[in-house]
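Participant: let me see the structure of the following:
(one chain, ligands or ions: 1)
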Amino acid sequence: MKNVLIIGSTGQIGSELTMKIRKMFPEGTVVAGYIPGMEPKGELLASGPAEQADVRNGAKLTEIVAKYKIDTIYNLAALLSAVAERRPLMAWDIQINGLLNVLEVARESGCAVFTPSSIGSFGPETPRMNTPQDTIQRPRSIYGCTKVATELLSDYYFSKYGVDTRSVRYPGLISNVTLPGGGTTDYAVEIYYAAVRGEEYVCPIAAGTFMDMMYMPDALKAAVDIMLADPSNLKHRNAFNITAMSFDPEILRKKIEEHIPGFKMRYEVDPVRQAIADSWPDKLDDSCAREEWGWAPSYDLEAMTVDMIAALRSKLDR
Ligand code: SER
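Facilitator: Now for the predicted structure:
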């Protein structure tokens, strides 16, 4: 990994992953790909090159890959689950037609490709507890349909053409830098902002709904480590179950209240997001990732909560 293109560099994962890879590999070039309306700013813009890189424009991707001699593409362009339900055709266009453009460029240019999958790739028939790496998927959301297809297409390009595709199934990601863009797990980010601002949080997900979650530093570590892993150890490729914790809104509320006494939360359940959450597993088994490339998260709920609150107090000046 030397010259890297991050598609979606200003999104929730991309904004932090771009900076992390620039710092880890200062001798390389890390191109911040963006779409109009989501231009990079500040440190992201100042610290390296930026190019307009819409996954739906394959010719432009080819041009960027040639210009910067790109060897690794992080394809982070996606509509998250709740937004995708409102715009299913657009979600398919970005997530699948876009992915095919990325895979074709990679096939022609010899790039490695990371395109995240998700807990959203599972469905109601999936075993909910300790969800195995290889199991029934059959998601009900369009987001999930695109993620299963992403896993299959990525594996197909590896077995048919030898394209070095690797990935993980991310759980809900919690960060204090860039907000997520309309996912089912967003509540676990918004709740911290409300708590630090001293506001009551209105939770759209019902008590008792367990989902896997992860703090962003661990998600970034996974994105880098999987691409640096010794390929001879990989029995799987697209995509590894990874998780760091599993909780429901009540457990999260209580944990935040331990640090911010008096924090209040009430429920106004959003039926769209609740239906999606109900179809996802409670807790993944990530033992294949642990065995095949040494995956291990650093943050549990307590460590994440301490860090989130401190970071948001400083960011929001509270
Ligand atoms: N966090 C995503 C969502 O909620 C799942 O991968 O849509």
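Participant: show me where the stretch 51-200 of the chain has strands.
Facilitator: Here the stretch 51-200 of the chain has its strands, by DSSP state E, counting those that start in this stretch, at 72-75, 112-114, 117-118, 129-131, 165-166, 168-170, 172-174.
Participant: out of those strands, which gets nearest to Phe158?
Facilitator: strand 165-166 (4.9 Å; C-beta to C-beta). Any C-beta I mention is one placed from the backbone N, CA and C, and that applies to glycine too.
Participant: the closest one: partners in the sheet, and parallel or antiparallel?
Facilitator: Partners of strand 165-166 in the sheet, by DSSP bridges, are strand 112-114 (parallel).
Participant: off-centre distance for the strand it pairs with?
Facilitator: 14 Å (C-alpha atoms, centre = their mean, to the nearest Å).
Participant: list the buried residues for it?
Facilitator: Residues of strand 112-114 classed as buried: Ala112, Val113, Phe114 (neighbour count, 16 or more other C-beta atoms under 10 Å).
Participant: which residues touch the second one?
Facilitator: Meaning Val113. Thr72, Ile73, Asn75, Val102, Leu103, Ala106, Ser154, Tyr157, Val163, Asp164, Thr165, Arg166 (C-beta atoms under 8 Å, 6 or more residues apart in numbering).
Participant: rerun that using 6 Å as the cut-off
Facilitator: Ile73, Ala106, Thr165 (C-beta atoms under 6 Å, 6 or more residues apart in numbering).
Participant: now the buried members of those residues.
Facilitator: For the contacts of Val113, a burial check counting by 16+ other C-beta under 10 Å picks out Ile73, Ala106, Thr165.
Participant: out of the contacts of Val113, which is nearest to the ligand?
Facilitator: Distance ranking of the contacts of Val113 against the ligand, using C-beta to the nearest ligand atom, places Thr165 first at 18.4 Å.
Participant: any residues touching the longest helix belonging to the chain, and which ones?
Facilitator: Ranked by number of residues, the top helix in the chain under DSSP state H is helix 142-161. Residues from elsewhere that reach helix 142-161 (C-beta under 6 Å, 6+ apart): 81, 84, 88, 91, 95-96, 99, 103, 107, 115, 117-118, 120-121, 137, 139, 163, 165, 237-239.
Participant: how much distance is there from it to the middle of the chain?
Facilitator: Offset of helix 142-161 from its chain centre (C-alpha atoms, centre = their mean): 16 Å.
Participant: only the C-alpha atoms, please, for it, written as PDB.
Facilitator: C-alpha atoms of helix 142-161 as PDB (Å, rounded to 0.1, in the frame of the first residue of the first chain):
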ATOM      1  CA  ILE A 142     -31.900  -2.500  -0.200                       C
ATOM      2  CA  TYR A 143     -28.800  -1.600   1.700                       C
ATOM      3  CA  GLY A 144     -28.400  -5.200   2.700                       C
ATOM      4  CA  CYS A 145     -29.100  -6.400  -0.800                       C
ATOM      5  CA  THR A 146     -26.300  -4.200  -2.100                       C
ATOM      6  CA  LYS A 147     -23.900  -5.300   0.600                       C
ATOM      7  CA  VAL A 148     -24.400  -9.100  -0.100                       C
ATOM      8  CA  ALA A 149     -23.900  -8.300  -3.800                       C
ATOM      9  CA  THR A 150     -20.800  -6.300  -2.900                       C
ATOM     10  CA  GLU A 151     -19.300  -9.300  -1.100                       C
ATOM     11  CA  LEU A 152     -20.100 -11.700  -3.900                       C
ATOM     12  CA  LEU A 153     -18.800  -9.400  -6.700                       C
ATOM     13  CA  SER A 154     -15.700  -8.700  -4.800                       C
ATOM     14  CA  ASP A 155     -15.000 -12.400  -4.300                       C
ATOM     15  CA  TYR A 156     -15.900 -13.000  -7.900                       C
ATOM     16  CA  TYR A 157     -13.300 -10.500  -9.100                       C
ATOM     17  CA  PHE A 158     -10.700 -12.200  -6.900                       C
ATOM     18  CA  SER A 159     -11.400 -15.800  -8.000                       C
ATOM     19  CA  LYS A 160     -11.900 -14.900 -11.700                       C
ATOM     20  CA  TYR A 161      -9.400 -12.200 -12.300                       C
END
